[in-house]
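only geometry, no sequence info:
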């Protein structure tokens, strides 16, 4: 759970290996620990790599598909 320094270390390894244009953190709506930790992840990504970061909180239902599409499209335009 949190604090989860290993998550940041492994994320850094993935960023260095794959050189993404942005990072998206998908948090299950009921997972409070990862929701809180997402702030730390976003800071890590922006501070250490200068990458755009998008946090998505979803319950994986179709009801938020339109909103997610809009937010992801905006992120891609910013890259």
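Received, thanks. Owing to the predicted nature of the structure, the values given are computational and were not obtained by experimental measurement.

for the chain, which spans come out with low pLDDT?
Counting by pLDDT under 70, the chain shows low-confidence ranges at 1-2.

residues contacting the closest residue to residue 41 other than its chain neighbours?
Distance criterion Cβ to Cβ, 6 or more residues apart in numbering; nearest residue to residue 41, sequence neighbours excluded, is residue 25 at 5.4 Å. Heads up, the C-betas are built off the backbone N, CA and C, glycines and all. Going by Cβ atoms under 8 Å, 6 or more residues apart in numbering, residue 25 touches 38, 41-42, 53-56.

again, only this time at 10 Å
11, 34-35, 37-39, 41-42, 45, 53-57 (Cβ atoms under 10 Å, 6 or more residues apart in numbering).

Partner strands of the helix or strand containing it, with direction?
Per DSSP states H and E, residue 25 falls inside strand 23-28. Here strand 23-28 is paired, per DSSP bridges, with strand 53-58 (parallel).

mind listing what's buried in the partner strand?
53-55, 57 (16 or more other Cβ atoms under 10 Å).

do the same with stretch 70-79
Across stretch 70-79, burial judged by 16+ other Cβ under 10 Å covers residue 75.

contact partners of that stretch?
Contacts to stretch 70-79, defined as Cβ under 10 Å, 6+ apart, come from residues 20-24, 51-56, 64.
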